[in-house]
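Colleague: Just the structure for this:
(one chain, ligands or ions: 2)
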Amino acid sequence: MQVLEKEKKSSHEPSSAPIKIKAINVSFGYKDTEILKDINLEVREGEFLVLMGPSGSGKSTFLRLLADLEKPNSGEIIINNKNGISDIAVVFQDYSLFPWLTAEENIVLALKKRLKGKKSKKELFQLAEQYLTMVQLGHATKKYPGEMSGGMRQRAAIARALSVGSDLLLMDEPFGALDPITRIQLQELVLQINQDQKKTIIFVTHDAEEAIMLADSIVMFSPGPPGKILECIDVPFEKPINRNELFESREFIEFRDDLLQLMNKGIFEKLNQKEAVEDGGGI
Ligand code: ADP
Ligand code: MG
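Modeller: Ligands and ions are numbered 1, 2, ... in the order given. All right, here's what the predicted structure looks like:
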């Protein structure tokens, strides 16, 4: 990842993979409110990019723009050298499965849309089982979302996203509601998907440790509105990462603290601005 026209912080050699996504001077707003301003970035094929930033900084909005669910007011988003691409898979925090369908039926529905009459019903169910097995849910194909734990539902949501067949996966705080152990297991799963299936992943999180474990690079958004890119940081720890060793290392602690400081700096600046406006308004 690199922020255009900005110096990169890390000494890493830039990846030679082709550019997958390019956002050029992207701005977006609703009526009078500017939500995102002048977003410029490039994401390379196979990259794991994490978006961080306080609530309201426009991270979800940016994912919606990437998924072509919204259009920028100005600027351009180019994915695979094209404007607008509609079959991108998105995984949200609140499991977006249909509760009246079993795990496999949820996936068959997505597959039907993609394969439109090219496969028999039996083949579709076989494929659905393969996707569920990929996320270690081969034993739960017949379960309804209501019969599954939060972690299982998120695994099913990931399987459904994979079944869409896109090589780009967008994830919006997907593990925010999970307990710590399940969260770690699912982090390992998405790392494996990124590595084995060469998917480009854009992942939003508030959690600095999660960001460092997953990301090749981290984009920090400033508090909005309008949200802007504050900084883009390459993660200096080579994958695969040994979690325990990393978390005990001085390098990790310093890197994490810098990251949190960067996020807090933006928040404090915003608070100070707000106080100044409010004080001025009182005169
Ligand atoms: P984040 O995901 O970083 O928390 P969002 O992208 O959800 O931020 O929201 C960014 C800003 O856009 C927030 O100030 C939010 O209130 C505003 N916003 C989001 N959706 C709408 C909408 N449909 N209409 C007006 N404002 C919105
Ligand atoms: Mg959000």
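Colleague: Low-confidence stretches in the stretch 151-283 of the chain?
Modeller: Low-confidence segments of the stretch 151-283 of the chain (pLDDT under 70): 279-283.
Colleague: ok but residue 28 is inside a helix, no?
Modeller: No - counting by DSSP: H, G, I helix; E, B strand; the rest coil, residue 28 is located in no helix; its state is strand.
Colleague: That one and ligand 1, how far apart?
Modeller: Residue 28 is 9 Å from ligand 1, where distance means CB to the nearest ligand atom, to the nearest Å. Placement of C-beta: from N, CA and C, glycine included.
Colleague: Next, the buried residues of stretch 114-132.
Modeller: Along stretch 114-132, these residues count as buried under the neighbour rule (16 or more other CB atoms under 10 Å): 119, 124-125, 127-129, 131-132.
Colleague: Packing partners of the helix or strand hosting residue 188?
Modeller: According to DSSP states H and E, residue 188 maps onto helix 180-196. With contacts defined as 3 or more CB pairs under 8 Å, 6 or more residues apart in numbering; DSSP states H and E, helix 180-196 has these neighbours: helix 150-163, strand 168-172, strand 200-204, helix 208-214.
Colleague: one more time with 10 Å, if that's ok
Modeller: strand 48-52, helix 121-134, helix 150-163, strand 168-172, strand 200-204, helix 208-214, helix 243-248 (3 or more CB pairs under 10 Å, 6 or more residues apart in numbering; DSSP states H and E).
Colleague: need the ones you listed in CSV with distance to residue 144, can you?
Modeller: Listed next are those as CSV, based on distance: least, CB to CB, whole Å:
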stretch, distance to residue 144
strand 48-52, 32
helix 121-134, 14
helix 150-163, 10
strand 168-172, 23
strand 200-204, 27
helix 208-214, 29
helix 243-248, 33
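Colleague: hang on, the earlier thing: single out whichever of the buried residues of stretch 114-132 has the smallest pLDDT.
Modeller: When the buried residues of stretch 114-132 are compared by pLDDT, residue 119 scores lowest at 91.
Colleague: Checking my notes, it in a helix, right?
Modeller: No - counting by three-state DSSP, residue 119 is not part of a helix but coil.
Colleague: of the buried residues of stretch 114-132, closest to ligand 1?
Modeller: Ligand 1 lies nearest to residue 131 out of these, by CB to the nearest ligand atom, at 27.5 Å.
Colleague: wait, doesn't that closest one sit right on residue 157?
Modeller: No - contact criterion CB atoms under 10 Å: residue 131 and residue 157 do not qualify, at 11.3 Å.
Colleague: Return every residue with contacts to both of the two.
Modeller: Shared contacts of residue 131 and residue 157, defined by CB atoms under 10 Å, 6 or more residues apart in numbering, are found at residue 103.
Colleague: one step back: in CSV, list the helices and strands packed on helix 180-196 along with distance to ligand 1.
Modeller: Formatted as CSV, those follow (distance: least, CB to the nearest ligand atom, whole Å):
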stretch, distance to ligand 1
strand 48-52, 8
helix 121-134, 28
helix 150-163, 18
strand 168-172, 7
strand 200-204, 7
helix 208-214, 14
helix 243-248, 26
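Colleague: What residues does the stretch 151-283 of the chain have near ligand 1?
Modeller: Taking CB under 6 Å from any ligand atom as the contact definition, the stretch 151-283 of the chain meets ligand 1 at 224-225.
Colleague: related to what we said a few turns ago, the helix holding residue 188 to strand 200-204, inter-axis angle?
Modeller: 150 degrees (axes from the mean of the first three to the mean of the last three CA atoms, to 10 degrees).
Colleague: Pull out the buried residues from helix 180-196.
Modeller: 182-184, 186-187, 189-191, 193-194.
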